[in-house]
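J.: The sequence and its predicted three-dimensional model are supplied below.
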Amino acid sequence: SLHDALPIYTDMGNLSIAAFYPRPRVGDQVASYGFPRSDILSSSGNCTVGNVTSLTGPRDDTRFLQMSAPIQPGNSGGALLDMSGSVVGVVVAQLSVLQNVNFAIQPSMVINFLEVKDVTPKLDTPKAPRSPTEVCEIATKFTIQVYCQGRTPPKTATGTAGPLALSPSD
């Protein structure tokens, strides 16, 4: 359980706490920040920009939202931010059959998860938009890459989930 987990320490300076905005809208510009394929891409993190394209996920699943910000395996678990720098989702998957059709967990689900684990999330009110550069800088202050090592090759906490492939409906 979360309470039995060992604490994680970092020597990162200028850390901040992520704030959540629970009501993303279709058309909102968003930025994804994470560590996709850090073995061959940048080990310092990647930031991409896109838009919220739907407030539902695969097969109208309301736990997710759809966005066009490009992601790669390893982005899973990374923050999806609006242009004020608030978290509006957590990246989870890409649809394998279409380019730039990607999904994030809705902020309400993430907020509920944190509250169940006795963590009080910081909630944001709408603020003035910032530049994509500023939003990506905000993300770097509350996002770290975590490696889990054991008997298997190292994996990152942002996951190694592959593309999401939907089977035809019956």
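T.: The structure has been received and is ready for your questions. Residues are numbered from 1 along each chain as shown.
J.: Residue 136 should be in a helix, yeah?
T.: Yes - read with DSSP: H, G, I helix; E, B strand; the rest coil, residue 136 is one of the residues of a helix.
J.: how about it, what does it touch?
T.: Residues in contact with residue 136, defined by Cβ atoms under 8 Å, 6 or more residues apart in numbering, are 31, 33, 47. C-beta here means a position set from N, CA and C on the backbone, and glycine is covered the same way.
J.: Who does the helix or strand harbouring the first one pair with, and is each partner parallel or antiparallel?
T.: The reference is to residue 31. Here residue 31 sits within strand 29-34, counting by DSSP states H and E. When pairing is defined by DSSP bridges, strand 29-34 lines up against strand 46-54 (antiparallel), strand 79-82 (antiparallel).
J.: Any chance of CSV for those, columns distance to residue 99 and mean pLDDT?
T.: Formatted as CSV, the strands paired with strand 29-34 follow (distance: least, Cβ to Cβ, whole Å; pLDDT from 0 to 100):
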stretch, distance to residue 99, mean pLDDT
strand 46-54, 11, 94
strand 79-82, 18, 96
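J.: Tell me which of those approaches residue 145 most closely.
T.: Closest approach to residue 145 among the strands paired with strand 29-34 (Cβ to Cβ): strand 46-54, 11.0 Å.
J.: For that closest one, buried residues please.
T.: By 16 or more other Cβ atoms under 10 Å, the buried positions in strand 46-54 come out as 46-50, 52-53.
J.: Out of these, which is nearest to residue 66?
T.: Distance to residue 66, by Cβ to Cβ, is smallest for residue 53 among these, at 4.8 Å.
J.: Hmm, that closest one is touching residue 67, no?
T.: Yes - between residue 53 and residue 67 a contact is recorded at 6.0 Å, counting by Cβ atoms under 8 Å.
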